[in-house]
Structures are given as C-alpha cells and as structure tokens.
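Participant: return atomic coordinates for the entry below.
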Amino acid sequence: MIHPYRSYFRGSGLGAAALVALAGVALAPHSAQASRESIPQLQAAAEKGLVPQQIELATAYFVGDGVPQDVKLAAHWYEKAAQSGDPEAENEIGFLYQTGMGVPIDAERAFHWYQLSAAGGFVKAKVNLGVMYVWGVGVKKNEQLAARLFREAFEKGDGIAASYLGDLSFFGIGMKKDEAAAEKWYAIGVKLHDPIAAYDLGSLYSTQEGHAHDFAKAAGFLRRSASDGYVPAMHSLGLILINHPELAKSEQEAGGLLHTASAAGSWRSTVLLGVLARDGRGAPPDAEAAYYDFQLAMLQGGEAAKRLLANDIDTLAAKLGGERAAAISLNANEWFKQHPSVLAFIGKSGETNKRFPTMARTLADAEVHAGQLVLPPPA
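Facilitator: Purely as a prediction, here's the structure:
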C-alpha cells in the first residue's frame, strides 16, 4: 500500500517486498540447545527415523550448534522429517525450496510441501499457499482461491492472514476493491498481533492520500510493529518522531530507530541519519558523519540513492578534502561488505525457537516472492 517495503501485491515502482512463506517460523537470535556431547546420539536417532531428533539435528546444522553450520544438511534433515509427515517440517522445507536455501529453488515442490502441511493442519502453510496462488508461483494463479485460503487461516486465528485479506481488499485482488474493508482487516490483524498489519495502519494514518492523518495514532501502531522487529516500521516511526518530537518517548528514540533500521540495510534511514548529522539536528553539525552516512546510503540504495545525494556528496567532499573523504568512503565500503543484506525483520533479543530458529529475514526476492533467512552466527 503506502511504503515501498510492504506487500507482495505492490507494483508500479513501489517494489515487491513480499514477506511470505516462512509464516509460522519464529525469528530468534540464538540456536537450539543441542550440546556437542548429544550430537552422536542425535544423529543415530535421526538416522533411525525419529522425527523430533531429525528436526533437532536439522536445527543444529542450521545454526552450527555442535556441528559445522551446513544449510544443505539442515535442509536434508528437515525434508526427512517432512517425509514422515510433520506439518511444521513440511512448511519449513517448502520455504527452503521456495527460496533455494540448502536446496535448489523449486516452486512446484515448495507448493507441494505447503499443501501437505496445510492438509496436516498447520495454519501458516495455508497463508503460504495463498501467496503462491496470488502470484501464480508453482501453481496457476487463482486470486479467489488465495482469498479463501487467507480467510480459512484467519478463522483459525492467524493475524498474518487478516493482514493479507486487507491487502486483497485494498488493491481489489480476488475481490472488490474496498479500502474501508481493508482498514478493518488491518485492525483485526493488529488485534491478532501481526506487525505488518500494525505497520499498514500506521501508514494509513500518516501518509495515505485520502485518509485522515493522525500522527499520534500512526506512531502508536508503528511503535507496535517496530517493537516486533519490523524494520520498515522503525524507519517510518523514526521519520514521524523527527517531524513530531512531542510524540517521542525520549530524545533518543528517533535516532535509535533510524540507526537500527540503517544497520538492517534501510538506505532511506541511512539518508535521514546523514541529514541529521549534516544539519546538526539534536547535536552539532558533523560533516564526517554525514558524509559516511551518505556514502553508505548510496551503497545500500544504488542508483536511487546516488541521484538523491549527488549534490550533498560533492559539497561535503569539497569541505572535507579528498584524502579525508576517501578514508571515510573506504570505511563505509568495508562496513557494507560485512552487512550486505537488506532486512525486513530482525529477531528480538531472547527469542528462541528450538525447532526452526532464525536470526532475521531479508526483503523478498521479486521472483520467488519470499525473503531469505539470515543465518545466525555459528553457536
């Protein structure tokens, strides 16, 4: 709808940031608690066909806990568990086939596993099936069937499904276009704790043309979304708080949000940090910090960022001098080499999921309509 991050239904220059598949797989910064001493026993049990141990071994390989980190072996053991009929493992291996993590990209096989998972009662798999029907990924496009699957998942209490029904209503996909109905669906999604629904409502109240703006309400919704790790909400909330500092919980809130979003790859947040440093908002002007942020933003944002920042870069480079500007550019390049991913979600400290752990999720690939998982560092 409103920003260039959310929804796999967006086109016309707004991007395709589908946060799809992986529904139901939690974000977590740490691994399952498999110890090195338990790995041989775990391996033996997994090879005997014991599904819980297959999943635990897959998790160990996924995060590098007691064994070398190996996504291919993780996928192997998740698929073994899926072949035994575990619905969550079926959903997980479906996602891995959709995104090509540890296995070749195979949309039809991903669809197959999502079907089995949904038939086994795993509600999130219905959401993933719905998205594939919307796009015609691995199956013939069927928007009406997608809407039905989303509604079935919603009726089981799934907030993501409610949010997707809001998107279908907002854009008139598989149903009549109805922006008022879309807003109601987003509100339901918020009640069911979906962070993207909260982001969408915050966007409606802050930027959507034709909708009444209420920045206090917008900040409230965006704060909920940001607290659940949704990076676009961090950027949007940071921007609102810069323009409406009376809504901030502290003087540091806006800057903290923008720094987190920038570190997650949001080039627009990096630009805002550069502007604040350039103009001395909240602190004395800092040409070096501004130049660093603008250089990093160009690396993160490509041509769009370069066009936006060309004049600032030239002005600041002249002010700093060629040698200093070159050193700062080198620092920005080195940081970017270590942090190339553009993340949509980041895990909250303390979250764990012993069966399917992840650390973060990237923005979606426009062709596979799903974001990759960013693997946690080996345990």
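Participant: K80 contacts A46, doesn't it?
Facilitator: Yes - using C-beta atoms under 8 Å, K80 is in contact with A46, at 7.2 Å. C-beta: built from backbone N, CA, C; applies to glycine.
Participant: any regions of the stretch 1-150 of the chain where pLDDT drops low?
Facilitator: Of all residues in the stretch 1-150 of the chain, those with pLDDT under 70 make up the ranges 1-37.
Participant: show me the helices in it, by range?
Facilitator: Listed in chain order, the helices of the stretch 1-150 of the chain (DSSP state H, counting those that start in this stretch) span residues 39-47, 51-63, 71-83, 87-99, 107-119, 123-135, 143-155.
Participant: next, the angle helix 123-135 makes with the last one.
Facilitator: Taking axes from the mean of the first three to the mean of the last three C-alpha atoms, to 10 degrees, one finds that helix 143-155 is oriented at 160 degrees with respect to helix 123-135.
Participant: packing partners of helix 143-155?
Facilitator: helix 123-135, helix 159-171 (3 or more C-beta pairs under 8 Å, 6 or more residues apart in numbering; DSSP states H and E).
Participant: mean neighbour count added to the ones you listed, as CSV?
Facilitator: CSV is the format used below for the helices and strands packed on helix 143-155 (neighbours: other C-beta atoms under 10 Å):
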stretch, mean neighbour count
helix 123-135, 27
helix 159-171, 26
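Participant: just put those helices in a markdown table and tack on distance to L247.
Facilitator: Formatted as a markdown table, the entries for the helices and strands packed on helix 143-155 read as follows, by distance: least, C-beta to C-beta, whole Å:
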| stretch | distance to L247 |
| --- | --- |
| helix 123-135 | 33 |
| helix 159-171 | 24 |
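Participant: identify whichever of these lies nearest to P68.
Facilitator: Put simply, out of the helices and strands packed on helix 143-155 the one that sits nearest P68 is helix 123-135, at 29.6 Å, with distance taken as C-beta to C-beta.
Participant: show me what the closest one is packed against.
Facilitator: With contacts defined as 3+ C-beta pairs under 8 Å, 6+ apart, the secondary structure elements packing on helix 123-135 are helix 87-99, helix 107-119, helix 143-155, helix 159-171.
Participant: do that again at 6 Å, thanks
Facilitator: Contacts defined by 3 or more C-beta pairs under 6 Å, 6 or more residues apart in numbering; DSSP states H and E place helix 123-135 against helix 107-119, helix 143-155.
Participant: quick one: the first one to helix 71-83, angle?
Facilitator: Read it as helix 107-119. Using the same axes, to 10 degrees: helix 107-119 against helix 71-83 is 40 degrees.
Participant: got it, and the last one?
Facilitator: For helix 143-155 against helix 71-83, the angle by the same axes, to 10 degrees is 80 degrees.
Participant: distance of F294 relative to N243?
Facilitator: Separation of F294 from N243 (C-beta to C-beta, to the nearest Å) stands at 20 Å.
Participant: what values do phi and psi take at D86?
Facilitator: D86 adopts backbone torsions of phi -80, psi 120, taken as degrees, to the nearest 10.
Participant: which residue, other than its chain neighbours, is closest to N243?
Facilitator: Counting by C-beta to C-beta, 6 or more residues apart in numbering, the nearest residue to N243 once its immediate chain neighbours are dropped is F215, at 7.9 Å.
Participant: chain center to stretch 278-298, what's the gap?
Facilitator: Once both centres are worked out by C-alpha atoms, centre = their mean, to the nearest Å, stretch 278-298 turns out to sit 27 Å from its chain's centre.
Participant: then stretch 79-91?
Facilitator: 24 Å.
Participant: before we move on, the earlier item: settle it for me: which of F294 and N243 has more neighbours?
Facilitator: Set side by side, F294 and N243 show unequal neighbour counts under other C-beta atoms under 10 Å, the larger going to F294 at 28 against 11.
Participant: does the more buried one really touch G274, like I thought?
Facilitator: Yes - counting by C-beta atoms under 6 Å, F294 touches G274, with 4.5 Å between them.
Participant: mind pulling up the phi and psi values for the most centrally placed residue in the chain?
Facilitator: By C-alpha atoms, centre = their mean, the mean C-alpha position of the chain lies nearest to A344, the distance being 2.6 Å. With angles defined as degrees, to the nearest 10, A344 sits at phi -100, psi -40.
Participant: got a list of what it touches?
Facilitator: Residues in contact with A344, defined by C-beta atoms under 6 Å, 6 or more residues apart in numbering, are 19, 231, 361, 363, 371.
Participant: and of the helices and strands packed on helix 123-135, who's closest to D312?
Facilitator: Proximity to D312, assessed across these by C-beta to C-beta, is greatest for helix 107-119 (42.3 Å).
Participant: mind exporting that closest one as CSV, just the C-alpha atoms?
Facilitator: Below are the C-alpha coordinates for helix 107-119, written out as CSV (Å, rounded to 0.1, in the frame of the first residue of the first chain):
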residue,chain,number,x,y,z
ALA,A,107,8.5,-23.5,-6.7
GLU,A,108,6.4,-26.6,-7.6
ARG,A,109,8.0,-28.6,-4.9
ALA,A,110,7.5,-25.8,-2.4
PHE,A,111,3.9,-25.7,-3.3
HIS,A,112,3.6,-29.5,-2.8
TRP,A,113,5.1,-29.3,0.7
TYR,A,114,2.9,-26.3,1.7
GLN,A,115,-0.2,-28.3,0.5
LEU,A,116,0.8,-31.3,2.7
SER,A,117,1.5,-29.0,5.6
ALA,A,118,-1.9,-27.3,5.3
ALA,A,119,-3.7,-30.6,5.0
